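K.L.:
here is my input; please provide its structure:
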Amino acid sequence: MFWTHARTATLGLLAAGCGSSLTGPGAVDGDTDALRTDSAAADPPDVVTYHRDVAPILREHCGSCHTPGGIAPFSLQTYDDASRWAEAILPAVLDRTMPPFDAREGEDCQPPLPWKDDLRLSEAELATLTTWVDEGTYEGARVVEPPPVAPDVIADSEADAILPIAAPFEVDGDEDIYACFRLEVPNDEKVWLEAVEVRPDNGAVVHHVLLWSDPDDQAADRAGEDGVYRCSGTPDFFPTDLIGGWVPGGAPIRMPEDTGILLKPGATIVMNVHYHPTGAGKEIDRSALAVKWTTSPPSHHATGFLVDVPFLGEVQPGPNDPGKTRFQIPPGVPDHTETLILDTGPIAEYLALLPLRIFSITPHMHYLGRAMKVTILRGDAPDDEEMCLVHTPEYRFDWQTTYTYDGDVDELPQILPGDRIKVECTYDNSPSNPYFGDALAASGATEAQTVRWGEETGDEMCMAMLGLVIPPVDLGALLKQFDLGL
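P.N.:
This is a model prediction of the structure:
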């Protein structure tokens, strides 16, 4: 992250960041009139300057996070901002740590569509930033600064409702907590959710969040006066619809155009929060949910589905299995793999009647996770003929991304009868993993140990959250009809 690299560069930057108001922090020999920062001066074409060359790159690729009110710790909206952090920015973008977008295309994976909000820099843009820093971060002819880029949030003025948890929630002790918060939705007619944004209040303890619809308000019988009840990694009732969620680095979830998630009057939302205590004492959380909806029925519905061990994902034989197949990551192994396969056979009849298309994928593992690949094995094709949906060979726990396809609904990859969804996860359970210390701390261990699937932060997962588009049906009733045992 920019701020990680900044730890080693901050002192030098503070000393040099305001060096020269005309030419930037670097010293320049010879005539500097051509580099004056008044608007009357024309920038020479062979000099890379901030306003003409660099600002458009930073605004397009970095602006929505590095902006006042954004999730990044500092802004990059002005020349002063950018020049101050220049020496930290460059190594972060050159090693592709920033902007954070870990999906990759290559021989191992060619996704069926490009990605929305793909923040990756081109080679030409990287060259421009490198030259700008190397030549002294020249400002160039001044222009009227455009307003800061709006952060990627659902603004209060844009939201149809802000749903806070009913009371502050206390997180203490040394064991992970799963808490389900009942959120009342103020709609007196049918609405379709178009966008949701989890607003985690206390990032020190909020590990991840899942959002579930509660069409019959079953949570009312479970929650106390404070609107919360202890639960597992799900709301522990059925029927329910996965709306979305939040993981570190998460942004608002926006459904594809002309799709939405149905909420009838009287339905509620359950915010399922996984808390990981700090171990340093009591923490208080007051997280909330912002929602945006429409009252006009969309042409398609949206929903979500989790592919993981408890969600019909069957563990496959692995290279380090101890005699029988099990999800088990041995100590000291830097490249252990686990593979899950979800067989769509039980819903083949449904898939034959109603097209099921994938619009987004969110990979989720814990600290040992280093890479994930999600593919579709076509039911009528050999196993080696796969449709790769996403590959994240540089997965990072502290910046998990939802990858959304950039295409119309009828272009999205479709799950066909007989298909199997395969999720391959690679783990590094050795000191070569930069998050190895975090993994040890989360499990209370002092050295590498065997790690199995589980819901604690010190355990591991191999979860792919799929965003799905379906025709306008009552999904809960349909799942009951097919009796999937969920």
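
K.L.:
pLDDT score for the spatially most central residue of the chain?
P.N.:
For the chain, residue 401 is the residue whose C-alpha lies nearest the centre (C-alpha atoms, centre = their mean; 2.5 Å). pLDDT for residue 401: 91.

K.L.:
likewise residue 179?
P.N.:
In this prediction, residue 179 has a pLDDT value of 98.

K.L.:
so residue 249 is in which element?
P.N.:
Using DSSP states H and E, residue 249 is not contained in any helix or strand.

K.L.:
nope, residue 196 is what I meant
P.N.:
Under the criterion of DSSP H and E, residue 196 resides in strand 191-199.

K.L.:
hmm, back to that, list the residues that contact the residue nearest to the centre of the chain.
P.N.:
Residue 401 makes contact with 100-103, 249-250, 362-363, 392, according to C-beta atoms under 8 Å, 6 or more residues apart in numbering. In short, each C-beta sits where N, CA and C put it, glycine included.

K.L.:
repeat that for residue 465.
P.N.:
The contact partners of residue 465, taken as C-beta under 8 Å, 6+ apart, are 242, 245, 304-307, 361-362, 364, 402.

K.L.:
now the helices: where do they sit in the stretch 201-350 of the chain?
P.N.:
Assigned by DSSP state H, counting those that start in this stretch, the helices in the stretch 201-350 of the chain fall at 348-353.

K.L.:
how about the contacts of residue 401 in a markdown table, adding pLDDT and distance to residue 165?
P.N.:
Formatted as a markdown table, the contacts of residue 401 follow (pLDDT from 0 to 100; distance: C-beta to C-beta, whole Å):
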| residue | pLDDT | distance to residue 165 |
| --- | --- | --- |
| 100 | 90 | 28 |
| 101 | 92 | 31 |
| 102 | 93 | 31 |
| 103 | 95 | 32 |
| 249 | 81 | 22 |
| 250 | 84 | 18 |
| 362 | 95 | 23 |
| 363 | 96 | 27 |
| 392 | 97 | 31 |
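
K.L.:
low-scoring stretches of the stretch 351-486 of the chain, by residue?
P.N.:
381-384, 473-486 (pLDDT under 70).

K.L.:
what ranges does it have for its helices?
P.N.:
Here the stretch 351-486 of the chain has its helices, by DSSP H, counting those that start in this stretch, at 436-443, 475-482.

K.L.:
residues near the residue lying closest to residue 316 once chain neighbours are set aside, how many?
P.N.:
Closest residue in space to residue 316, ignoring its immediate chain neighbours: residue 339 at 4.2 Å, by C-beta to C-beta, 6 or more residues apart in numbering. Residues contacting residue 339 under the criterion other C-beta atoms under 10 Å number 17.

K.L.:
can you check residue 61 too?
P.N.:
If we define neighbours as other C-beta under 10 Å, then residue 61 has 22 of them.

K.L.:
re the thing from before, mean confidence for the strand holding residue 196?
P.N.:
97.

K.L.:
list of residues touching that strand?
P.N.:
Applying C-beta under 8 Å, 6+ apart, the contact partners of strand 191-199 are 153-154, 159-160, 185, 209, 211, 243-246, 250-255, 259-263, 271, 287-298, 301-302.

K.L.:
list the strands paired with it, with their directions.
P.N.:
strand 253-254 (antiparallel), strand 259-263 (antiparallel), strand 288-294 (antiparallel) (DSSP bridges).

K.L.:
closest one to residue 229 among the ones you listed?
P.N.:
Within the strands paired with strand 191-199, the stretch nearest residue 229 is strand 288-294; the backing value is 17.0 Å (C-beta to C-beta).

K.L.:
name the nearest residue to residue 78, sequence neighbours excluded.
P.N.:
Nearest non-adjacent residue to residue 78, counting by C-beta to C-beta, 6+ apart: residue 145, 6.0 Å away.

K.L.:
pull up the gap between the closest residue to residue 254 other than its chain neighbours and residue 131, please.
P.N.:
Nearest residue to residue 254, sequence neighbours excluded (C-beta to C-beta, 6+ apart): residue 195, at 4.5 Å. Using C-beta to C-beta, to the nearest Å, one gets 39 Å for the distance from residue 195 to residue 131.

K.L.:
OK, contacts around residue 423?
P.N.:
Neighbours of residue 423 in contact, by C-beta under 8 Å, 6+ apart: 307-308, 313, 339-342, 372-374, 462-464.

K.L.:
in the sheet, which residues pair with it? Tell me.
P.N.:
Beta-bridge partners, per DSSP bridges, of residue 423: residue 340, residue 374.

K.L.:
against residue 417, how distant is it?
P.N.:
According to C-beta to C-beta, residue 423 and residue 417 sit 20 Å apart.

K.L.:
equivalent analysis for residue 445, please.
P.N.:
45 Å.

K.L.:
again, but for residue 53
P.N.:
Distance, residue 53 to residue 417, by C-beta to C-beta: 52 Å.

K.L.:
likewise for residue 458?
P.N.:
According to C-beta to C-beta, residue 458 and residue 417 sit 39 Å apart.

K.L.:
just residue 165 next, same as before
P.N.:
Using C-beta to C-beta, residue 165 is found at 41 Å from residue 417.

K.L.:
these two: who's more crowded?
P.N.:
Neighbour totals were compared for residue 165 and residue 417, and residue 165 leads with 21 against 16 (other C-beta under 10 Å).

K.L.:
the strands paired with strand 191-199: which one's closest to residue 450?
P.N.:
Closest of these to residue 450 is strand 253-254, at 34.7 Å (criterion: C-beta to C-beta).

K.L.:
for the closest one, what is the average pLDDT?
P.N.:
For strand 253-254, mean pLDDT rounds to 94.

K.L.:
ok, the closest residue to residue 249 other than its chain neighbours - how many residues close by?
P.N.:
The shortest distance from residue 249 to any non-neighbouring residue, by C-beta to C-beta, 6+ apart, is to residue 399 (3.7 Å). When neighbours are defined as other C-beta under 10 Å, residue 399 has 18 of them.

K.L.:
what distance do you get for the residue nearest to residue 78 to residue 52?
P.N.:
Using C-beta to C-beta, residue 145 is found at 13 Å from residue 52.

K.L.:
could you do residue 81 as well?
P.N.:
Residue 81 sits 17 Å away from residue 52, taking C-beta to C-beta as the criterion.

K.L.:
about what we covered before: hmm, residue 80 and the residue nearest to residue 78 touching each other?
P.N.:
No - between residue 145 and residue 80 there is no contact under C-beta atoms under 8 Å: 10.2 Å.

K.L.:
compare those two (neighbour count), which wins?
P.N.:
Legend: neighbour count by other C-beta under 10 Å for residue 145 and residue 80, higher for residue 80 (14 against 11).
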